[in-house]
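Asks: Take this sequence and fold it.
(2 chains)
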Number of protein chains: 2
Amino acid sequence: MKDIKESQIDSIEKLYVAQPFLPDLNRVVEMLKSIWESKILTNEGPLHNQLEDELRTYLKVPVAKLYASGTTALLCALRSFDLPEGAEIITTPLTFAATPHAISFCGYKPVFADVLEDSLTIDPASVELAVTERTAAVLGVHVYSTICDTPKLGRVCQEHDLKLIFDAAHAFGASVDGTPVGMLGDATIFSLHATKIYHTLEGGIITTPHEDLAERLRLVRNFGIVDEATVTEIGINGKMNEFSAAIGLLNLPLVAAEREVRKSLRGRYDAIIADQPGLRRQIHQPKVEHSQQYYLMIVDPETFGRTRDQIYDALKERGVYARRYFWPTCNDYKAYEKYPVYSTLEQPVVEKVKNQLLCLPFHSGVKDFHVDIIADVLHNRTG
Amino acid sequence: MKDIKESQIDSIEKLYVAQPFLPDLNRVVEMLKSIWESKILTNEGPLHNQLEDELRTYLKVPVAKLYASGTTALLCALRSFDLPEGAEIITTPLTFAATPHAISFCGYKPVFADVLEDSLTIDPASVELAVTERTAAVLGVHVYSTICDTPKLGRVCQEHDLKLIFDAAHAFGASVDGTPVGMLGDATIFSLHATKIYHTLEGGIITTPHEDLAERLRLVRNFGIVDEATVTEIGINGKMNEFSAAIGLLNLPLVAAEREVRKSLRGRYDAIIADQPGLRRQIHQPKVEHSQQYYLMIVDPETFGRTRDQIYDALKERGVYARRYFWPTCNDYKAYEKYPVYSTLEQPVVEKVKNQLLCLPFHSGVKDFHVDIIADVLHNRTG
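Replies: Numbering: from 1, shown residues only, chains lettered A, B, ... in the order given. From the prediction side, this is the model:
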């Protein structure tokens, strides 16, 4: 039996959670010709600078700086705040590895605080419990484009004199009550990785409302070099090259259409889940304009009668590769296995939900028959 | 007068120390088509893996791993050795900012040792003076493709149980007595930046003779992710994307010809300098096969009658942009201005030579009339 099933899977084109969208190749070739003519391949070239200008406008922020990757942006942001050596930075364990690893990589220490049950974003009350005299910053994550409780986090940070930084890898173009997500906190980091709704193959952005931080954010990605004779900061090579910038320029006008496709797909997934006790969609934040990066479903196995992993396996058998995202959570990683999760509850929320989260394929490559397969599996009309 | 001179400069096409070479655009477009078909844009894709295979063969090493930049490679190498928190790493101040900054960025402390008068590479006896109980590694630089005194450095490192790492940003493809440069020490880092003799727009490589380090070097560039369920290392996103890998595949067969052009140019520069008291070319290491990354000239102002900066300015007036490389040295940077340079001499070598070093334009874009201008300026036949 197993062999037959496996060969069936192989015959179907697999559908993944994310699929990179690509601009028209002819337009890319035109851009390449201009690069070949100028012979400027990197080092804040003309396409790079044009993209920074366009992103500042698109994201409605005074400062938007480009980086080679989202993680590079995160490293550069953390390094731009003169945090004391070995400082503790409070973050959520319900995030991609990049978040705590960037903290550790810089020589700081990630400290995990629990998430809120409804939004799955970092819990301000748990953050409060995790603060020590070595705490220097809070790094919140707008996970699945659900926006953190920024007013409460802001108050905690103000009280304890902490920097407030956001990882918005999932929230490109999102806003709250008209405020662009890139204006929240002291700095916000976006990922432009190939799997993101807007990408530059690999890439990242830092935005900040603090205009006086702009020069430093630029210097830290270019070795702190002010001019031939002057090096003022500790920096690395965090620069985006001209080819990635070209892809970024061509992709930016395509985001709106992709977002509309996903909005409509979200409606269809919502409808499939709506009548299923034990399945919950991501919280709806009425004031938030959503990035449409992911579609998250939360499975309560007791009520639903099947576990998240059973659904995951059933979808996989039919060629639909959902993603158990995020599982494991960061506190399960070997490097952090002895790190507690500070929580106001005896059993942290994160320990329960990590086994209930499933992201469904969410992009313009999802066809009607894929949606039908997903409905079929969730409505348990299969084998 | 000044205005006339400036307008003359503007009318000449400027010649720089480095000029990126580019593969045939049609071949690039063919590669792009394959990327557009596969939709694999990054994450250790097929072109990336092919390039790693080819580089392992080219560099004659058992392990060669690709990274998004030379600095990213350096960060990842430093993070792969479990050095204690806040460890001291002894390095040379006569290097590009990337070297000490990568150390600092990881939360370690760079400690500067003087260079040898002849080779300008790190002085093993000065390294010995700089060792403390917090020292964890020595990071030598094969500066201008001049190879460090690896036997002596090896002995110092063995005696004090230190890792020996090399920055070979200038030494792609070099070898010593038949031993590839990438086999020296515990790890060697190459830069594939656009200005290098072999480039991938931006990129880097780590090589090591230790085969058991291969998996770790791979994991540290991909968040330490072993599989969906297992994260074993603290890592970042250090991955090279498929477009850079494509450029790398197309450029690799072109290096040999570029190297031949530069070898011949080196001969011509050597001849220009040979009869000039006070001008010295880079030391000739008879057993070293040279990378041909840079042409370095050392100016003794007392004997020559003009300073390095006077030559630099005179060349610049005629459209030839030489580079005072490395000046300032890293111990002059704001971040390190209080850091001593450990030296066996009262006045460190580096403090004198940094004002005497000049790299001449060195690539296949240098034409006969450029060489004539340089000869003219050095032989002082101009106004």
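Asks: hey, let's count contacts and neighbours off CA atoms from now on
Replies: Noted.
Asks: from the chain's centre, how far out does stretch A:311-329 sit?
Replies: How far stretch A:311-329 lies from its chain's middle: 19 Å, per C-alpha atoms, centre = their mean, to the nearest Å.
Asks: quick one: terminal-to-terminal distance for it?
Replies: 19 Å (C-alpha to C-alpha, to the nearest Å).
Asks: swap in stretch A:208-227?
Replies: Note: stretch A:208-227 ends 24 Å apart using C-alpha to C-alpha.
Asks: got it, and stretch A:287-300?
Replies: Note: stretch A:287-300 ends 27 Å apart using C-alpha to C-alpha.
Asks: Equivalent analysis for stretch A:197-209, please.
Replies: One end of stretch A:197-209 to the other measures 23 Å (C-alpha to C-alpha).
Asks: Tell me the helix or strand right after whichever helix in chain A runs longest.
Replies: Counting residues, the longest helix found in chain A (DSSP state H) is helix A:255-274. Per DSSP states H and E, helix A:255-274 leads on to strand A:279-281 as the next helix or strand towards the C-terminus.
Asks: Show me what the following helix or strand past that next one is packed up against.
Replies: Once the chain leaves strand A:279-281, the next helix or strand it forms, by DSSP H and E, is strand A:288-289. Judged by 3 or more C-alpha pairs under 8 Å, 6 or more residues apart in numbering or on different chains; DSSP states H and E, strand A:288-289 is in contact with strand A:175-176.
Asks: helices or strands up against the strand it packs on?
Replies: strand A:288-289.
Asks: Any stretches of the stretch 1-150 of chain A with poor pLDDT?
Replies: Along the stretch 1-150 of chain A, segments meeting pLDDT under 70 span A:1-12.
Asks: Quick one: name the residues of it near chain B.
Replies: With the criterion set to C-alpha under 8 Å from any C-alpha of the partner chain, the stretch 1-150 of chain A comes near chain B through A:19-20, A:22, A:25, A:29, A:32-33, A:36, A:39, A:41-42, A:68-69, A:71-72, A:79, A:85, A:97-98, A:101-102, A:104-108.
Asks: Which members of the residues you listed occur in strands, if any?
Replies: Residues of those located in strands (DSSP state E): none.
Asks: Torsion angles phi and psi at A:L252?
Replies: Dihedral pair for A:L252: phi -60, psi -40, per degrees, to the nearest 10.
Asks: And A:D309, by the same measure?
Replies: According to degrees, to the nearest 10, A:D309 has phi -70, psi -30.
Asks: same thing with A:Y321?
Replies: phi -100, psi 90.
Asks: and it, what are its bridge partners?
Replies: A:Y16 (DSSP bridges).
Asks: So it versus A:V156, what's the distance?
Replies: Taking C-alpha to C-alpha as the measure, A:Y321 falls 40 Å from A:V156.
Asks: do the same with A:R318
Replies: A:R318 is 47 Å from A:V156, by C-alpha to C-alpha.
Asks: And A:S34, by the same measure?
Replies: Per C-alpha to C-alpha, A:S34 is found 50 Å from A:V156.
Asks: The residue nearest the centre of chain A and B:G173: what is the separation?
Replies: Note on chain A: the residue nearest the mean C-alpha position is A:A169, at 2.4 Å, using C-alpha atoms, centre = their mean. Look at A:A169 and B:G173: by C-alpha to C-alpha, they are 38 Å apart.
Asks: before we move on, what about A:A87?
Replies: 41 Å.
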